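In: Provided below are the primary sequence and the corresponding predicted coordinates.
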Amino acid sequence: MAKLRLSFISAFNERVDPLMKGTIQAEGIEIVPTYSHPSETFWRQLKFQEFEVGEMSMSSYLIARERGFDIIALPVFPSRRLFHSELSYHTDSGIKKPEDLAGKRLGVGEYQQTAALWLRGILEHDFGVSQYKVHWYMERTEELSHGGATGFTPPQGISFQRIPPDKSMASMLVNGELDAAAINSPWKNQPNVIGRSHKIPGAEGDWSKVKLLFDDRMAEGKRFFDKWGFLPVNHAYTIRGDIYKKYPWVAFNLYSGFVKAKAHFNAKLVDSIPSALFFGKEYLAMTQAMFGNDPYPYGVKANRKMIETLIDFSYEQGLTTKKMKVEELFAVSTLEL
């Protein structure tokens, strides 16, 4: 029996790549891969739904589902980051600690993106900084943004404006036009059509005046994990509705393929540590001691608290108007996994 060919778009991810390349097979499926920067991927999927399977921003997914987009997610979370710990600030801003962000100008790539959702939620719940007390600056244009594709606008009462097209988060931060920004290495950002910090990196500015808000990101990561019990996810994978309805078995088979691909990578993880990282094995052991042997768990059961927190933050911040149930968000055949 011929395999079902599915167009598949994703950023490169070492836990997913064995599936993208065909080293690991999803039973009954032939994947036709396209690699793309995440920001471009999400915009293309939200705007055109051109790929049958694709990586998707979790925050944008919640908004899209509420607005009637015909897609369904798999509980496969390829990326996790401690977004709030990556905040940078300008030393002339008067900022010394997270609580000082109240009343300040803070740049984000996009208001509705998952990174910004986690940032706002953690600032509110852990440091008492309400989203209504921050002046938000967004880098992406309305035309080339997830919000533009879904029709989202920030809720009333939010101080919000777009960064001028001849500037970027990086250039405004280094020149003191922003007090802080969700960016830590703008000059290293991958080129993409959606963002601008790689095109306008602020190279002429004095980057010695830009510092990370958390001096010890590892200590802050441990504090967060000890309190909340999870590492925040950024993306998941979605299946276009027409495919899911016609071939419901695809969801389980793809999920199984993702699990096998991650196991394939993890089996080689120690051997893949670059030789230039002299203490790489020790760092890996320390990370696993802090976050567990698998910091990237898949499945609904292992991630329910994290998913529910994401739903709560989305509702609290006015990104969605109701709290969707976890069971509404993922393919039925994956709910018990």
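Out: That came in fine, so what should we check first? Numbers count the residues shown, from 1 in each chain.

In: where along the stretch 151-300 of the chain do the helices fall?
Out: Per DSSP state H, counting those that start in this stretch, the stretch 151-300 of the chain carries helices over the ranges 169-174, 217-228, 241-246, 249-267, 280-291.

In: And for the stretch 1-150 of the chain?
Out: 17-21, 38-48, 58-66, 114-127, 146-150.

In: elements contacting the second one?
Out: Contact analysis of helix 38-48 by 3 or more C-beta pairs under 8 Å, 6 or more residues apart in numbering; DSSP states H and E lists strand 4-10, strand 53-57, helix 58-66, helix 146-150 as its packing neighbours. For the C-beta atoms, the positions are set from N, CA and C on the backbone; glycine is no exception.

In: tell me the mean pLDDT for the second one?
Out: This means strand 53-57. Per-residue pLDDT over strand 53-57 has a mean of 97.

In: Name every strand pairing with it and say which way it goes.
Out: strand 4-10 (parallel), strand 235-240 (antiparallel) (DSSP bridges).

In: and it with helix 38-48, angle?
Out: Interaxial angle of strand 53-57 relative to helix 38-48 (axes from the mean of the first three to the mean of the last three C-alpha atoms, to 10 degrees): 110 degrees.

In: Contacts for strand 53-57 next, please.
Out: 6-11, 31, 38, 41-42, 45, 71, 73, 78, 113-114, 146, 234-240, 243, 254 (C-beta atoms under 8 Å, 6 or more residues apart in numbering).

In: swap in the last one?
Out: The list of residues contacting helix 146-150 from outside it, by C-beta under 8 Å, 6+ apart, reads 42-43, 46-47, 57, 60, 63-64, 67, 69, 110-113, 140-142, 152-153.

In: hang on, the earlier thing: need the helices and strands packed on helix 38-48 in CSV (columns: mean neighbour count).
Out: Putting the helices and strands packed on helix 38-48 into CSV (neighbours: other C-beta atoms under 10 Å) gives the following:
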stretch, mean neighbour count
strand 4-10, 19
strand 53-57, 26
helix 58-66, 23
helix 146-150, 22
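
In: rank the ones you listed by mean pLDDT and give me the bottom one.
Out: helix 146-150 - the lowest mean pLDDT of the helices and strands packed on helix 38-48, at a mean of 77.

In: can you give me how far that helix is from the chain middle?
Out: Relative to its parent chain, helix 146-150 has a centroid offset of 16 Å by C-alpha atoms, centre = their mean, to the nearest Å.

In: Specify the beta-bridge partners of residue 71.
Out: Under the criterion used here (DSSP bridges), residue 71 is bridged to residue 240.

In: how many other residues sit next to it?
Out: 20 (other C-beta atoms under 10 Å).

In: again, but for residue 78
Out: Residue 78 has 24 nearby residues by other C-beta under 10 Å.

In: in the stretch 101-250 of the chain, what spans have low per-residue confidence?
Out: 184-199, 203 (pLDDT under 70).

In: 90 instead?
Out: 109, 140-155, 165, 168-170, 183-205, 207 (pLDDT under 90).

In: still on that earlier bit, in a markdown table, list the helices of the stretch 151-300 of the chain along with distance to residue 85 and mean neighbour count.
Out: Converted to a markdown table, the helices of the stretch 151-300 of the chain look like this (distance: least, C-beta to C-beta, whole Å; neighbours: other C-beta atoms under 10 Å):
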| stretch | distance to residue 85 | mean neighbour count |
| --- | --- | --- |
| helix 169-174 | 17 | 27 |
| helix 217-228 | 5 | 15 |
| helix 241-246 | 36 | 14 |
| helix 249-267 | 24 | 19 |
| helix 280-291 | 13 | 13 |
